[in-house]
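Asker: Sharing a model prediction with you, sequence too.
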Amino acid sequence: MGQPPHGAMSHEGHGGMAHGGMDMTPGGIPLASGGEDRDGLETDLLHLRLGPVLAYWPAGLVLRCTLQGDVIVDAEISLVAATELESRHDPEDPRRFAARRCDNAASLLGLAGWGDAASRARRIRDSLLFTDDRAGPVGQLQRLRRLVGRSWWLRRSLHRIGPLDADDLARRGLPATMAGDVRDRLLAMLEHAANSIGGQQPTGPSLGVPVDAIPDLVRGWDLATARLIVASLDLDPLVADREVSHA
């Protein structure tokens, strides 16, 4: 399978962002407001929203960002009602656990611009959900993980994005499986999926990645990079019986 050339990371535009409650120009572009920069000078602040419906984005998750230039300086998270997802997810089912990891890996690979690898991950997901084959998906996942792990382009593109060490994890209440950078977490998703259907006890993000940690994780990054970081958290379907906000 071919890989995208260096610099071809799509980070998919930011279509689907809403600008509720903002002053708009006649062309529909939100107007920036003033804010104090680090050196005490006033700079423009822009408020944008990601979600709740956006390609390669966790359904039901809303991230409201305040931008200074192209950098997120503040963020708030909320969940919208998504109770229909609850019935489709069974954490005790290893095949569904693996399928969710594949789905999340496909989203991250799609954001990174590697469409062929994303398509592979989706095909494995479908095989897990709609066939009884076990050996096939295990082998396919192992091959995909090797392919991703050997990719020099992906290593260079995702290296040192959203790094988390042991202290970071403890401070934010994140599981040990989130250690490393975005690339490390992508490889971990594929490994968790293969281990789950290979007979090992599923471990990892399904045990709980608190969504209220997300704002802190994306501060200081641009929007495209923030989307990669969120995708790398390998979230399970988000369920809320009402909208819940987290500053």
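Answerer: Yes, it's here. All values reported here derive from a predicted model rather than from experimental measurement.

Asker: where does Arg64 fall, helix, sheet strand or coil?
Answerer: strand (DSSP: H, G, I helix; E, B strand; the rest coil).

Asker: what's the nearest residue to it if we skip its chain neighbours?
Answerer: Leaving out its chain neighbours, the residue that sits closest to Arg64 by CB to CB, 6 or more residues apart in numbering is Glu76, at 4.6 Å. (Each C-beta comes from the backbone N, C-alpha and C, glycine too.)

Asker: That neighbour: which element?
Answerer: strand 71-79 (DSSP states H and E).

Asker: Centre of the chain to the helix or strand that that strand is followed by, how far?
Answerer: As assigned by DSSP H and E, the chain's next helix or strand after strand 71-79 is helix 94-112. Put simply, helix 94-112 sits 10 Å off its chain's centre (CA atoms, centre = their mean, to the nearest Å).

Asker: packing partners for helix 94-112?
Answerer: Judged by 3 or more CB pairs under 8 Å, 6 or more residues apart in numbering; DSSP states H and E, helix 94-112 is in contact with helix 115-130, helix 135-150, helix 152-158, helix 182-197, helix 223-232.

Asker: thinking again about what came up before, how close does the residue nearest to Arg64 sit to Gly149?
Answerer: Relative to Gly149, Glu76 is positioned 35 Å away (criterion: CB to CB, to the nearest Å).

Asker: what's Ile197 in contact with, if anything?
Answerer: Residues in contact with Ile197 (CB atoms under 8 Å, 6 or more residues apart in numbering) are Pro94, Arg95, Ala98, Leu128, Arg134, Pro137, Val138, Leu141.

Asker: same check, this time on Pro58
Answerer: Gly51, Val230, Leu235, Pro237, Leu238.

Asker: three-state assignment of it?
Answerer: Strictly by three-state DSSP, Pro58 counts as coil.

Asker: How about Gly149, nearest residue that isn't a chain neighbour?
Answerer: Using CB to CB, 6+ apart, the nearest residue to Gly149 is Leu187, at 5.8 Å.

Asker: Sorry, wrong one. I was asking about Val138.
Answerer: Once flanking residues are discounted, Val138 sits nearest to Gly198: 5.1 Å by CB to CB, 6+ apart.

Asker: Torsion angles phi and psi at that neighbour?
Answerer: Here is the backbone geometry of Gly198 (degrees, to the nearest 10): phi -90, psi 0.

Asker: Per-residue confidence at it, what does it come out as?
Answerer: The model reports Gly198 with a pLDDT of 79.

Asker: distance of it from Ala213?
Answerer: The value you get for Gly198 to Ala213, if CB to CB is used, is 30 Å.

Asker: Could you do Asp165 as well?
Answerer: 15 Å.

Asker: Give me the more crowded residue out of the two.
Answerer: Taking other CB atoms under 10 Å, Asp165 and Ala213 do not tie; Ala213 has more neighbours (19 against 10).

Asker: and Asp212, what pLDDT?
Answerer: For Asp212, pLDDT reads 91.

Asker: Could you check how many residues crowd around the spatially closest residue to Asp165 that is not a sequence neighbour?
Answerer: Leaving aside its sequence neighbours, Asp165 sits nearest to Ala179 (CB to CB, 6+ apart; 6.9 Å). Counted with other CB under 10 Å, residues neighbouring Ala179 total 16.

Asker: Can you check what pLDDT the model gives Ala179?
Answerer: Taking Ala179 on its own, its pLDDT is 94.

Asker: Assign Asp132 to helix, strand or coil.
Answerer: Secondary structure, three-state DSSP: Asp132 is coil.

Asker: Quick check: it vs Arg95, distance?
Answerer: Applying CB to CB to Asp132 and Arg95 gives a distance of 9 Å.
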